[in-house]
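J.: I would like to see how this sequence folds:
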Amino acid sequence: MAPVKLYGATLSWNVTRCVAALEEAGVEYELVPINFSTGEHKSPDHLARNPFGQVPALQDGDLYVFESRAICKYACRKNKPELLKEGDIKESAMVDVWLEVEAHQYTAALSPILFECLIHPMLGGATDQKVIDDNLVKIKNVLAVYEARLTKSKYLAGDFLSLADLNHASVTLCLAATLYASLFDAYPHVKAWWTDLLTRPSVQKVAALMKP
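T.: Numbers count the residues shown, from 1 in each chain. Below is the predicted model:
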């Protein structure tokens with residue numbers, strides 16, 4: 001069977017979010033870069049993959065899937081459904097809950113910090129410290145909830161690794177490249193959870209891809 005194709009740049013944490021899932025699910029895949037500087041993301045070919053002209057996009061035969069978290073779910077559902085705990089209604093519900101938390105609480109608070117610390121300087125812009133400070137308050141509140149959760153289970157959805165954990169990898173690795181890399185030190189259970197995730201080959205693959 002031909003490998004699936006994942007379109008997008010490895011500097012994007014949305015793209016490497018998918019890499020973590022593909023690696024953990026044992027999917028054979030090919031990374032296909034998209035050149036934003038030439039406008040390739042708005043080309044007819046790419047718009048056929050993602051009508052919003054964004055990355056990532058996944059091609060599996062004649063099927064195109066876009067939006068990173070949908071791609072991650074597709075990869076797991078097809079190749080390693082135990083990462084979604086499908087078949088157990090209570091466990092799968094917890095996976096779904098923490099997938100939503102990652103998207104709407106954790107990454108929602110962390111992304112503005114990453115943009116100010118990493119993306120804006122890369123593009124020659126100035127860092128807005130107020131945006132960072134405001135979102136540091138938000139992420140610390142989120143981490144307090146995570147700390148309480150991880151005192152009760154090894155992973156977020158329970159005592160089993162799931163996609164809910166893996167979807168945190170790319171943005172958390174980006175955090176390590178900022179001045180706020182020590183943020184987890186105040187949350188020992190969160191730090192232990194992250195240290196455990198860092199031992200997984202899928203997360204190590206993402207870390208290697210994201211290094212400049």
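J.: what about residue 205, which helix or strand?
T.: Secondary structure from DSSP states H and E places residue 205 in helix 201-210.
J.: and that helix, which residues are buried?
T.: For helix 201-210, the neighbour count (16 or more other CB atoms under 10 Å) marks 202-207, 209-210 as buried. (C-beta placed from N, C-alpha, C; glycine too.)
J.: So residue 65: helix, strand or coil?
T.: Put simply, residue 65 is strand when judged by DSSP: H, G, I helix; E, B strand; the rest coil.
J.: Correction: the previous question concerned residue 58.
T.: strand.
J.: any idea how far it lies from residue 182?
T.: As for residue 58, its distance to residue 182 is 35 Å (criterion: CB to CB, to the nearest Å).
J.: which of the buried residues of helix 201-210 lies closest to residue 11?
T.: Nearest to residue 11 among the buried residues of helix 201-210, counting by CB to CB, is residue 210 at 7.2 Å.
J.: correct me, but the closest one touches residue 9?
T.: No. Between residue 210 and residue 9 there is no contact under CB atoms under 8 Å: 10.3 Å.
J.: just to revisit the earlier point, output the buried residues of helix 201-210 in CSV, with pLDDT and distance to residue 67 appended to each entry.
T.: Shown next, in CSV, are the buried residues of helix 201-210 (pLDDT from 0 to 100; distance: CB to CB, whole Å):
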residue, pLDDT, distance to residue 67
202, 98, 20
203, 98, 21
204, 97, 25
205, 96, 21
206, 96, 18
207, 95, 23
209, 93, 20
210, 86, 20
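J.: excluding its backbone neighbours, what's nearest residue 202?
T.: Counting by CB to CB, 6 or more residues apart in numbering, residue 202 lies nearest to residue 23, which is 3.7 Å off, once chain neighbours are set aside.
J.: Mind listing what's buried along the helix or strand that contains residue 196?
T.: Using DSSP H and E, residue 196 sits in helix 188-197. Within helix 188-197, the residues scored as buried using 16+ other CB under 10 Å are 189-191, 193-194, 197.
J.: One more: stretch 82-98?
T.: Neighbour counts over stretch 82-98 (16+ other CB under 10 Å) mark 83-85, 91-92, 94-96, 98 as buried.
J.: what residue ranges in this structure score low on pLDDT?
T.: 1, 212 (pLDDT under 70).
J.: gap between the longest helix along it and the chain center?
T.: Determined from DSSP state H, the single longest helix within the chain is helix 129-150. Its chain's average C-alpha position is 17 Å from that of helix 129-150, according to CA atoms, centre = their mean, to the nearest Å.
J.: so who does the residue located most distally from the centre of the chain touch?
T.: In terms of distance from the mean C-alpha position of the chain, residue 44 ranks first, at 26.9 Å (CA atoms, centre = their mean). For residue 44, the contact set (CB atoms under 8 Å, 6 or more residues apart in numbering) is empty.
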